[in-house]
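A.B. asks: Give me a model of this one.
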Amino acid sequence: TFKVLNNCYAIDKSSAYIFSNPFVPSDLASFEAIQGVYAKDKQNIYSMGVPFVPSDITTFKVIADNYAQDKNNIYYGDKIITEIDKSTFRIINDIYSADSKNVYAYGKVLKDADPNTFVSEVGLLVGADKNNYFAFDKKVKSDMYAVNVMLYNSEYFIILKQEQEEILKKSNESKKKPNELSKDENKKKSEELPKDENKKKSDELIKKKYIEISPGVWRWSGKKAIESIDASTFKVINDNYAKDSKKVFFKSSPLSKVDPLTFEVLLGYYSRDKNHIYFADLEFNVKDRNTVTPLGGFYIKDQYNIY
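C.D. replies: Sure, this is the predicted structure:
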């Protein structure tokens, strides 16, 4: 009777599940997923499987996988985002949001983040503004990530350091860092550079995870170059997996004991070859590898179990 409802929730005849954790809702018969971490039955609203009561149930609605609102508040999960300017509030991704005053990580103010220039990619756990880099809800050293944030006509783009160097060289600018330029210099810089071309390049970089930064040299998102690849046979499978004739990579990490010839992606982070099942870059133990099939969301099954 097991049924996947979305990426977070599933049910069977006796329980509901948030990921792999079972719980019993107030009314299982009417239980349904709304979106992301939110679900409901005829008695309650749930966030991550826990009942919570919005301040105004009649105006409550889910606005993104981790966000909801009513006429009084905006919520991250079941927590109210406090001191928020609702008129300027914007959702950046599953972790980050912002208004005119603050950037928020997990619904709490992200210290030292500039809301006017903060950016993060969809699906990433890192962000940056004109001054700082962030991982999760902490400020980190910029050299941890091979990305830089640049200012062109008040628009910020996440770009590779190599791309930054090429643009600066072509524009014949001084050796000043972009965030050290004066307002007038930034305006002049933006006028000299083809804005549409830069925006197109930025959009392409943000959409792609695997990027060839120079002939035969590849990296995944903000990580450093992937080591020891066979450039002549290197092939991107999807946003998270790539392979060459000898190795398979999850993002930038090689999988162990993998057979590239028989490797295939099953669902999300699940994959397999003729001998193993993998979740991300780790071997995943199942009772019967030969009968593994994807169910949807983060769930797979074999003839004996659901995982």
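
A.B. asks: Run through the helices of the stretch 51-200 of the chain in chain order.
C.D. replies: 161-170, 183-192, 195-207 (DSSP state H, counting those that start in this stretch).

A.B. asks: Same question for the very next helix or strand once past the longest one: list its buried residues.
C.D. replies: Going down the chain from helix 195-207, the next helix or strand is strand 210-214, by DSSP states H and E. Of the residues in strand 210-214, those scored as buried under the neighbour-count criterion (16 or more other C-beta atoms under 10 Å) are 210-211. To be clear about C-beta, it is placed using only N, CA and C from the backbone, and glycine gets the same treatment.

A.B. asks: likewise stretch 295-307?
C.D. replies: 297-302, 307.

A.B. asks: Could you tell me which of the residues you listed are located in helices?
C.D. replies: Per DSSP state H, helices hold no members of the buried residues of stretch 295-307.

A.B. asks: Can you pick out the most distant pair from the residues you listed?
C.D. replies: Farthest pair in the buried residues of stretch 295-307 (C-beta to C-beta) is 297 and 302. Separation: 16.6 Å.

A.B. asks: if we can go back for a sec, in a markdown table: the buried residues of stretch 295-307, plus pLDDT.
C.D. replies: Shown next, in a markdown table, are these (pLDDT from 0 to 100):
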| residue | pLDDT |
| --- | --- |
| 297 | 73 |
| 298 | 76 |
| 299 | 83 |
| 300 | 86 |
| 301 | 87 |
| 302 | 89 |
| 307 | 86 |
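
A.B. asks: just curious, which of the residues you listed is nearest to residue 139?
C.D. replies: Comparing those against residue 139 with C-beta to C-beta places residue 298 closest, at 30.2 Å.

A.B. asks: surely that closest one meets residue 280?
C.D. replies: No. In terms of C-beta atoms under 8 Å, residue 298 does not count as a neighbour of residue 280; the distance is 11.2 Å.

A.B. asks: Now for the two: what residues contact both?
C.D. replies: Contact criterion C-beta atoms under 8 Å, 6 or more residues apart in numbering; residues shared by residue 298 and residue 280: residue 269.

A.B. asks: Nearest residue to residue 263 in space, please, no chain neighbours.
C.D. replies: What sits nearest to residue 263 in space, not counting adjacent residues and going by C-beta to C-beta, 6 or more residues apart in numbering, is residue 273, at 4.5 Å.

A.B. asks: Relative to residue 273, how far out is residue 262?
C.D. replies: Using C-beta to C-beta, to the nearest Å, residue 262 is found at 5 Å from residue 273.

A.B. asks: Output the below-cut-off pLDDT ranges for this protein.
C.D. replies: Within the chain, the ranges that satisfy pLDDT under 70 run 121-124, 142-208, 221-224.

A.B. asks: Is it correct that the residue nearest to residue 263 is in contact with residue 256?
C.D. replies: No. Using C-beta under 8 Å, residue 273 is not in contact with residue 256; the gap is 11.2 Å.

A.B. asks: picking that back up, between residue 262 and residue 273, which is the more surrounded one?
C.D. replies: Taking neighbours as other C-beta atoms under 10 Å, residue 262 and residue 273 compare with residue 273 leading, 18 against 11.

A.B. asks: got a list of what that one touches?
C.D. replies: The neighbours of residue 273, taking C-beta under 8 Å, 6+ apart as the test, are 248, 258-264.

A.B. asks: Go again with 10 Å.
C.D. replies: 248, 255, 257-264, 289 (C-beta atoms under 10 Å, 6 or more residues apart in numbering).

A.B. asks: Select, from these, the two members most distant in space.
C.D. replies: For those, and using C-beta to C-beta, no pair is farther apart than 260 and 289, which are 17.6 Å apart.

A.B. asks: Can you show me the strands along the stretch 51-200 of the chain?
C.D. replies: 61-64, 67-69, 74-76, 79-80, 90-91, 96-98, 103-105, 108-109, 126-128, 133-135, 138-140, 147-152, 155-160 (DSSP state E, counting those that start in this stretch).

A.B. asks: Export the ones you listed as JSON lines, with columns for distance to residue 241 and mean neighbour count.
C.D. replies: Listed next are these as JSON lines, based on distance: least, C-beta to C-beta, whole Å; neighbours: other C-beta atoms under 10 Å:
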{"stretch": "strand 61-64", "distance to residue 241": "26", "mean neighbour count": "16"}
{"stretch": "strand 67-69", "distance to residue 241": "29", "mean neighbour count": "22"}
{"stretch": "strand 74-76", "distance to residue 241": "30", "mean neighbour count": "22"}
{"stretch": "strand 79-80", "distance to residue 241": "34", "mean neighbour count": "14"}
{"stretch": "strand 90-91", "distance to residue 241": "28", "mean neighbour count": "13"}
{"stretch": "strand 96-98", "distance to residue 241": "25", "mean neighbour count": "25"}
{"stretch": "strand 103-105", "distance to residue 241": "28", "mean neighbour count": "24"}
{"stretch": "strand 108-109", "distance to residue 241": "33", "mean neighbour count": "14"}
{"stretch": "strand 126-128", "distance to residue 241": "20", "mean neighbour count": "22"}
{"stretch": "strand 133-135", "distance to residue 241": "23", "mean neighbour count": "20"}
{"stretch": "strand 138-140", "distance to residue 241": "26", "mean neighbour count": "13"}
{"stretch": "strand 147-152", "distance to residue 241": "21", "mean neighbour count": "21"}
{"stretch": "strand 155-160", "distance to residue 241": "21", "mean neighbour count": "18"}
